[in-house]
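Q: can you look at this prediction? I've put the sequence above it.
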Amino acid sequence: GADWPSAITVTAPLFDSRPNLTKNSNGQDYGAYKSDEFNGLVDQAQNATDLDQQTQFLQQADKVLAKDVAYIPVDTAIFYFLHGSGVKNYMNTAASNGFPDLGPISVK
């Protein structure tokens, strides 16, 4: 998780092309993304005087990333959990993000 309640700890390190150590290194910028518009918004976010202002700049930066298709969000909406007839007390719970609760599971 992020150290602070802000996208500045995630978005900038992944997409700001400037912290690269050498011209042949891409640091954490694995997609080799470079955008002066994005970098400018990151600068404005880093210099913001409050979290709300910072969030506005980062939301604009995220729109630039989306416009440039700098990343493709991955989402899995449906999981299929199968278990045999010999499994007893199988249940998915909200406490485990919809995954099986391993505590009560046993084998008949």
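A: Perfect, I can see it now. These numbers come from a predicted model, not from an experiment. Numbering: from 1, shown residues only.
Q: going forward, measure contacts between C-alpha atoms and count neighbours the same way
A: Noted.
Q: okay, the lowest-mean-pLDDT helix or strand in the chain in CSV with CA atoms only?
A: Each helix and strand of the chain was given a mean pLDDT (mean pLDDT, DSSP states H and E); the minimum falls on helix 11-15 at a mean of 84. Taking C-alpha atoms only, helix 11-15 is exported to CSV below (Å, rounded to 0.1, in the frame of the first residue of the first chain):
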residue,chain,number,x,y,z
THR,A,11,1.6,7.4,-10.2
ALA,A,12,4.7,9.5,-10.3
PRO,A,13,7.3,6.8,-9.5
LEU,A,14,5.8,4.5,-12.2
PHE,A,15,5.4,7.1,-15.0
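Q: got the buried residues for the top helix by length along the chain?
A: In the chain, assigned by DSSP state H, the helix with the most residues is helix 51-67. For helix 51-67, a neighbour-count test (16 or more other C-alpha atoms under 10 Å) marks Gln54, Thr55, Phe57, Leu58, Gln60, Ala61, Asp62, Val64, Leu65 as buried.
Q: next, the buried residues of the least confident helix or strand of the chain.
A: For helix 11-15, a neighbour-count test (16+ other C-alpha under 10 Å) marks Ala12, Pro13, Leu14, Phe15 as buried.
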